[in-house]
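[1] my questions concern the predicted model and sequence given below.
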Amino acid sequence: MLEEVGAGPMPEAGEASAEKHAGVSRRSFLRGLGAATAATAVVSHVAVARAGNGWSIGLDGIPPEKLKQMYTLMLKSRWWEEGMKEVFLGGKDNMYGAFHISVGEEASSVGVMAALNEDDYIASNHRGHSHLIAKGGDIDKMSAELMFKETGYNKGFGGSMHITDASRGILGMNGIIGPQYLFAAGAAYSAKVRGTQQVAVAFGGDGSVNNGWYYSGLRNAALYKLPVIAVVENNGYQISMPQQRTNSLINLHDFGAGLEIPHEAVNGMDVMAVYTVAQRAVERARAGGGPTLIETKTYRYYDHAGLAGAKPGVLGAFGLPYRSDSEVRAWIAEDPIPRMRRQLVANSIITEEEADATEAEVKQLVAASIDAARAAAHPKQDAALGHVFANALVKPSQFIA
Amino acid sequence: MLEEVGAGPMPEAGEASAEKHAGVSRRSFLRGLGAATAATAVVSHVAVARAGNGWSIGLDGIPPEKLKQMYTLMLKSRWWEEGMKEVFLGGKDNMYGAFHISVGEEASSVGVMAALNEDDYIASNHRGHSHLIAKGGDIDKMSAELMFKETGYNKGFGGSMHITDASRGILGMNGIIGPQYLFAAGAAYSAKVRGTQQVAVAFGGDGSVNNGWYYSGLRNAALYKLPVIAVVENNGYQISMPQQRTNSLINLHDFGAGLEIPHEAVNGMDVMAVYTVAQRAVERARAGGGPTLIETKTYRYYDHAGLAGAKPGVLGAFGLPYRSDSEVRAWIAEDPIPRMRRQLVANSIITEEEADATEAEVKQLVAASIDAARAAAHPKQDAALGHVFANALVKPSQFIA
Amino acid sequence: MAVKPGGYAVLEAVQNEMRNDPHMTMLYEYQRPIAVSPMGQVIDLYKEFGEPRIPDWGPIDEEWFVGGAAGIAMTGVRAIAHVPSMCSLRCFELVFNQVGKLRHMTGGQVGMPLVIWQDAAGRMPGMAGQHADAGQEALYAAIPGIKVVVPSNPYDAKGLMTAALRDADPVIFFHYSAIDTVQTDVPDESYEVKIGEAAIRQEGSDITIVGFGPAAIEISRAAPMLKDAGISAEIIDPRTLKPLPVDALVASVKKTGRLLVVDHGHETLGTAAEIIASVAIGVPGAKVARSTFPDAPPPGAKEMITWMTPDADKIVQAAKVMMG
Amino acid sequence: MAVKPGGYAVLEAVQNEMRNDPHMTMLYEYQRPIAVSPMGQVIDLYKEFGEPRIPDWGPIDEEWFVGGAAGIAMTGVRAIAHVPSMCSLRCFELVFNQVGKLRHMTGGQVGMPLVIWQDAAGRMPGMAGQHADAGQEALYAAIPGIKVVVPSNPYDAKGLMTAALRDADPVIFFHYSAIDTVQTDVPDESYEVKIGEAAIRQEGSDITIVGFGPAAIEISRAAPMLKDAGISAEIIDPRTLKPLPVDALVASVKKTGRLLVVDHGHETLGTAAEIIASVAIGVPGAKVARSTFPDAPPPGAKEMITWMTPDADKIVQAAKVMMG
Ligand SMILES: Cc1ncc(C[n+]2csc(CCOP(=O)(O)OP(=O)(O)O)c2C)c(N)n1
Ligand SMILES: Cc1ncc(C[n+]2csc(CCOP(=O)(O)OP(=O)(O)O)c2C)c(N)n1
Ligand SMILES: [Mg+2]
Ligand SMILES: [Mg+2]
């Protein structure tokens, strides 16, 4: 079915790329243009993103295998979500439940995760598909979980918003905003107790800085010098609230100043830049230097949740009331995947052909994972009475004896 | 009974003052000396206090009446608490319940309150006697409340920790650490809604910065540019926890940097310095400039709660396990009351005789308030079923019909 | 007078009270207070009242809504805190130790004209552990000093919100999304549904069936099926959980001798526990039972959550068991 | 084997389990984990285990203790969060939406070996609104996925803490200060009091009297007075609130036909509500009643709070009413 998914390479930055937008027909692109507004807002937003020391830092000293793996992971995250999007839009599978798409933010997850070891911890949020895939998550189990199948990561108990892989240090996605900062600090504290070199990374959106758990997690990480990295993925919106309406800071990472925590922003659309910043933080954490606060300036191409404004084969959601289409296109022009592809090819780490082959391979894996999920069994209804406690079932109190 | 209360003037700073310690007999003073330790800790702590731009700023341009009123309020706060201390120690009144003494911190409350109008709001904490008296609280109702009498501020429902005077913008003391920052922000928001020029001040200890409500209150005050002033009274301890064990910051006010809130520290033992800093903040707030975070470096002469280490007629509690007596004496040497007296006399705003007369007067008022409280009635036991709701009693469910 | 969706009906109440009180203020998060009636009338509170009474959005910080609104209320200005469904307990400590206690603790000095408009998700398939909850009204009802209402249809929702906004005490208003589509005529003019007054939806003699909000909806769905089964059910929607209208419940069970409480909340210490306890005390010898969502979080898969949720079929089945 | 204060008995349990588990970690606030036995032995966990397993104090941030400890537990390291009494609900949302749900929400992947050692004040005169609370165990018992224990004496406290620290699931341990001075022999060696097992303190045939923690203490004070009044009371201390040992309660009331539940918590939706509901369902026709602290915050003045608190006299009075 993946032929439905926008085929061809990722969109390239720059005017000329109009036709090249992944699967964007000339018509829909022009329709988009028609709806475009508030160009200034866009520009300033992109400017902010660039401001976050978002220069491209080159590939020197990084093993080609590692670079290829990072590229492949971005593709995997991108095409898995695009694939699931097609499944939702297709309608044949009667999909239901939450679906928060990370597309556009892959560089933020892959760049950070590239700096981690397999046994490091991450605590994620509702928009965590990309975090999971970047940390080595199994897309077969993810596809099955989105279909609430027994073979899913959470056996159908969780769905998109709660995917967890304890075996990979993935403490889980979470539907509540904020606790990941406490969990990451706790996991880091546990590493200290066990005397390991593990670090713990909390991923949250720009909205996750709004409540007290963010403060508590960072404050205690600073107090106990815990190996914690807080990654605030600032995509400019909280559902449909503009980030600026909810915070008096322009640069969210500046909050670190008040806790004397090292903090910096980075262009979240540049995976190599994110990787460099994350490496600095990881080294500091492992060296006992305590927490770091990183703000990745990024963007979600789709709506907050679900698929309003999304079309099969079209990258991104357009015509949404709270943002302009030209803003969306401006960010798509910054897309991290073609950017890395250009770098890899320019540095002859891969050829265009190899890049296409990798992308095709990834699409096949995604397609296979979806087909397997379709074939899998639904959970038994009374399975729900388990997993409340480790060794006991709860009572089916909906029925009267 | 007030003859028991250390008579004579407040202790003066400097060696020579040994004999002059309010009611400190030579013997007890020497006993104290014997127990003295950790002089270095003291020095550094006092150094920190001095560092908080704690120069004495002179009295220029402040009407004598205002200065006299500030001095009288400090005396009133000091001698009311000293008076209640004697009542607790005396034993005749079978006192019970919480008793958190502010003695030593009077300059922090009087200095701030001197910058406020009568209709401004304050939200206080468990150590709020001095806040209340400085805001114009009625010591007759306070004495009665500490004896849980019907005539008390809270009709015997609250006791020391919950005294409230809604009629004076005193939103109340509170037994829980932290909510005052939310309440002050809310009260300030209300002022904005009503279009008044009122400001709202939250008073908290160094421990109150540890939880999320502090963050939430300040963050939203900054977001909505609310006329809020957060006064963190850093007395170095949280019960018996040293403040340094609970915070990675040396200067708590530096937290303001992360929220881009104006912030400064001040010598909390110098009422004129506190007044100046508070005035700056109040002007900013009334001008629409948003919140200010002030840290007053101060000290409580007594134990966290109750009277361990306290003696009749002796100023301060000595021999406590978590702090050194020399530290206590070093702070008493900084006592704000004699300091202001020196200033007023030196500037011939009052004579020594007038100062003594004022102090004697205040003691009489305190004595009268205590006698009146003793004579007052206890609440009826079933009064407790009222005030849960405005217009209904709750059921006495302890009894079976 | 017309059928109106619940969200619109509630906003009619808020709009009317805000028009009558020049200071009343509402803090909210991401759900703009905008609604459109079937006849196309638009209520847009932000447009009508604007900053600061209706801020332009609100941060993801429920403690600010409730703690800040409590601060507003302490100054005598009536406040509404609209809290999203998935974090109905983020402010529990503030409601417990502050909102519910301040009047009493201060000997009656501090009033708290605060309404917490608490959205509630209900047992929605696919939303999983944190976004398909129900029954948290029982947790708030356990707190002294606050009132708790749980409407089951747009008419009651508007009337109870109006009553809450005129009450001198803090009221938490549980707004289950399931009630929004229930068809009731909602008068355009303002009216109150008295807090503490139960609604007897149907008279009967065999068994008293009681439930709030989403459970009340399922009970009304079960009504015709019960009739077909030859069971004469007295159906009561208490509407207010605190103060619980015990007399109406006791009177009914004295007549029927049987009580079935249905709740989409959990079994242990859910609303059914208090209702059964009150009735068991008041009507010795009555036969009592409860059908509730199990003591488990809500799973995502529809196979599981649908099976766990008391619905019309399970209610009829339960009633039969109690009759037989 | 000797009489030991409750605080010491609990620390014996914690010390023993921390010795057997090299990673077990405890976060706490201002109550240093130090205690002295009547024989002068000192337990000082900070001295024995030190940083980081026992930090040097902790900030006034209960959300850190519980949220951080949950994070520790999620990594498979057993954690204890010792929370002071006056803010027993500061972490309610975290326990509700995270601690109690994560295992289920993740399909069994995430374990939560966490013990919340919750101090509880009890109805102390003079401490007023926020520092004289009781009954919050009922709020936690309403949350799926956690177990709740409420010891009423040092022996049970040590045994239940040991059991909690060996349990695979999160347990909240309510430690009322009133139990510390109850005289029970406490073995030096480690032992468990099984979670979910009630203690029948006295057999009787006229009436079953049930209560937890401080209420259980008052019931035992009432025992001799009941005897003098010629009432044969069966006295049960459930010890575990969740899972509630319903069978033991039902069996007893089947025998006595009467149930009196005593609780220092509130009337509405307190532990008494669940106990009465469970028994009323299990024993049709039983006569049931509850004597609880009213639905009001605790006032400071001793005249008021003493009158409001169920004690031995009120229990005897209530039992007489039920017998007569
Ligand atoms: C405590 C809490 N409050 C509100 C919500 C509802 N909610 C879910 S996602 C979201 C917006 C989050 O925005 P952000 O943190 O920027 O992440 P993004 O969705 O942009 O990736 C909100 C308000 C929630 N899940 N938890
Ligand atoms: C939320 C909360 N946690 C814990 C306590 C217990 N407690 C009461 S006072 C206090 C210490 C407060 O220290 P600080 O804020 O510095 O004020 P100070 O007593 O020094 O004036 C603590 C921990 C409380 N009242 N509220
Ligand atoms: Mg965002
Ligand atoms: Mg302090």
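    It's in. Ligands and ions are numbered 1, 2, ... in the order given.
[2] spatially central, which residue of the chain would that be?
    In the absence of a named chain, this looks at chain A. A:Ser130 (3.6 Å; CA atoms, centre = their mean).
[3] not quite, go with chain C.
    Nearest to the geometric centre of chain C sits C:Val150, at 1.6 Å (CA atoms, centre = their mean).
[4] sorry, back to before: how far away is the residue nearest to the centre of chain A from A:Thr298?
    10 Å (CB to CB, to the nearest Å). In short, each C-beta sits where N, CA and C put it, glycine included.
[5] burial count for residue 299?
    Assuming you mean chain A. By other CB atoms under 10 Å in any protein chain shown, the residues close to A:Tyr299 number 26.
[6] that was the other one, I meant chain C.
    By the measure other CB under 10 Å, the count of residues near C:Pro299 is 32.
[7] what average pLDDT does stretch C:131-139 get?
    Mean pLDDT, computed over stretch C:131-139, is 98.
[8] low-confidence ranges in the stretch 1-150 of chain A?
    Low-confidence segments of the stretch 1-150 of chain A (pLDDT under 70): A:1-58.
[9] find the closest residue to ligand 2 in it.
    Here the residue of the stretch 1-150 of chain A nearest ligand 2 is A:Ala123; by CB to the nearest ligand atom that distance is 24.6 Å.
[10] which residue packs closest to that residue, ignoring adjacent ones?
    Computed as CB to CB, 6 or more residues apart in numbering or on different chains, the closest residue to A:Ala123 that is not its neighbour in sequence is A:Gln180, at 3.8 Å.
[11] quick one: pLDDT of that neighbour?
    Confidence score, pLDDT, at A:Gln180: 98.
[12] that one belongs to a helix?
    Yes. Counting by DSSP: H, G, I helix; E, B strand; the rest coil, A:Gln180 is found in a helix.
[13] correct me, but it touches A:His126?
    No. Contact criterion CB atoms under 8 Å: A:Gln180 and A:His126 do not qualify, at 10.2 Å.
[14] look up phi and psi at the closest residue to C:Val246 other than its chain neighbours.
    Leaving aside its sequence neighbours, C:Val246 sits nearest to C:Ser278 (CB to CB, 6+ apart; 4.8 Å). Main-chain dihedrals, C:Ser278, degrees, to the nearest 10: phi -60, psi -40.
[15] spit out the contact partners of C:Ser278.
    With contact set as CB atoms under 8 Å, 6 or more residues apart in numbering or on different chains, C:Ser278 has these partners: C:244, C:246, C:249-250.
[16] how about 7 Å then?
    The contact partners of C:Ser278, taken as CB atoms under 7 Å, 6 or more residues apart in numbering or on different chains, are C:244, C:246, C:249.
[17] so which of the residues you listed is the most crowded?
    With neighbours taken as other CB under 10 Å, the top of these is C:Leu249, carrying 23 neighbours.
[18] confidence score at it?
    The model's pLDDT for C:Leu249 equals 98.
[19] find the nearest non-adjacent residue to it, please.
    Nearest residue to C:Leu249 in three dimensions, chain neighbours excluded: C:Val279, at 5.5 Å (CB to CB, 6+ apart).
[20] close enough to count as contact, the one you found and C:Ala251?
    No. The pair C:Val279 / C:Ala251 is not scored as a contact, 10.2 Å apart, by CB atoms under 7 Å.
[21] these two: who's more crowded?
    Comparing C:Val279 with C:Ala251 by other CB under 10 Å, the one with more neighbours is C:Val279, at 24 against 17.
[22] distance between whatever helix or strand the more buried one lives in and the chain's centre?
    Applying DSSP states H and E as the criterion places C:Val279 in helix C:271-282. A distance of 18 Å separates the centroid of the chain from that of helix C:271-282, by CA atoms, centre = their mean, to the nearest Å.
[23] any idea of the pLDDT on the residue nearest to C:Val246?
    98.
[24] need the phi and psi values for A:Ala123.
    Torsion angles at A:Ala123 (phi, psi; degrees, to the nearest 10) stand at phi -120, psi 120.
[25] give me phi/psi at A:Gly172?
    Dihedral angles of A:Gly172 (phi, psi; degrees, to the nearest 10) stand at phi 120, psi 150.
[26] isn't there a helix covering A:Ala384?
    Yes. A:Ala384 forms part of a helix when assessed by three-state DSSP.
[27] need the residues of the stretch 101-250 of chain A near ligand 3, please.
    When proximity is defined as CB under 5 Å from the ion, the stretch 101-250 of chain A approaches ligand 3 at A:205-206, A:235, A:237.
[28] reformat the residues you listed as TSV; add secondary structure and neighbour count.
    Shown next, in TSV, are those (DSSP: H, G, I helix; E, B strand; the rest coil; neighbours: other CB atoms under 10 Å in any protein chain shown):
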residue	secondary structure	neighbour count
A:Gly205	strand	25
A:Asp206	helix	25
A:Asn235	coil	23
A:Tyr237	strand	22
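[29] helix/strand/coil for C:Gly265?
    Following three-state DSSP, we place C:Gly265 in the strand state.
[30] got the contact list for it?
    For C:Gly265, the contacting residues are C:134-135, C:138, C:271, C:292-293, by CB under 7 Å, 6+ apart.
[31] how about it, nearest residue that isn't a chain neighbour?
    Leaving out its chain neighbours, the residue that sits closest to C:Gly265 by CB to CB, 6+ apart is C:Gly135, at 1.7 Å.
[32] how near is that neighbour to C:Val148?
    To C:Val148, C:Gly135 is 12 Å away according to CB to CB.
[33] what's the burial count for residue 200?
    Answering for chain A, as no chain was given. 32.
[34] can you look at chain C instead?
    14.
[35] now A:Ala257
    A:Ala257 has 19 neighbouring residues, counting by other CB under 10 Å.
[36] before we move on, what about C:Ala81?
    Neighbourhood size, C:Ala81 [other CB under 10 Å]: 31.
[37] and it, what's its pLDDT?
    For C:Ala81, pLDDT reads 98.
[38] checking it next. Helix, strand or coil?
    When classified by three-state DSSP, C:Ala81 comes out as strand.
[39] cool, the one 5 residues further on as well?
    Secondary structure for C:Met86, judged by three-state DSSP, is helix.
[40] how much space between it and ligand 4?
    Counting by CB to the ion, to the nearest Å, the gap from C:Met86 to ligand 4 is 36 Å.
[41] that residue reaches C:Gln130, doesn't it?
    Yes. Contact criterion CB under 7 Å: C:Met86 and C:Gln130 qualify, at 5.3 Å.
[42] list residues touching both of the two?
    In contact with both C:Met86 and C:Gln130: A:175-176, using CB under 7 Å, 6+ apart.
[43] which residues in the stretch 151-300 of chain A form strands?
    Taking DSSP state E, counting those that start in this stretch to define them, one finds strands in the stretch 151-300 of chain A at A:170-172, A:200-205, A:228-234, A:237-238, A:241-242, A:263-267, A:292-297.
[44] I meant to write the stretch 101-250 of chain C there.
    Using DSSP E, counting those that start in this stretch, strands in the stretch 101-250 of chain C cover C:114-120, C:147-149, C:171-176, C:185-186, C:199-202, C:207-211, C:233-237, C:240-242.
[45] which residues touch the shortest one?
    Right, the one you point to is strand C:185-186. Contacts to strand C:185-186, defined as CB under 7 Å, 6+ apart, come from residues C:1-4, C:9, C:154-155, C:158.
[46] likewise the last one?
    For strand C:240-242, contacts defined as CB under 7 Å, 6+ apart pick out C:137, C:141, C:147-150, C:195-197, C:212, C:271, D:268.
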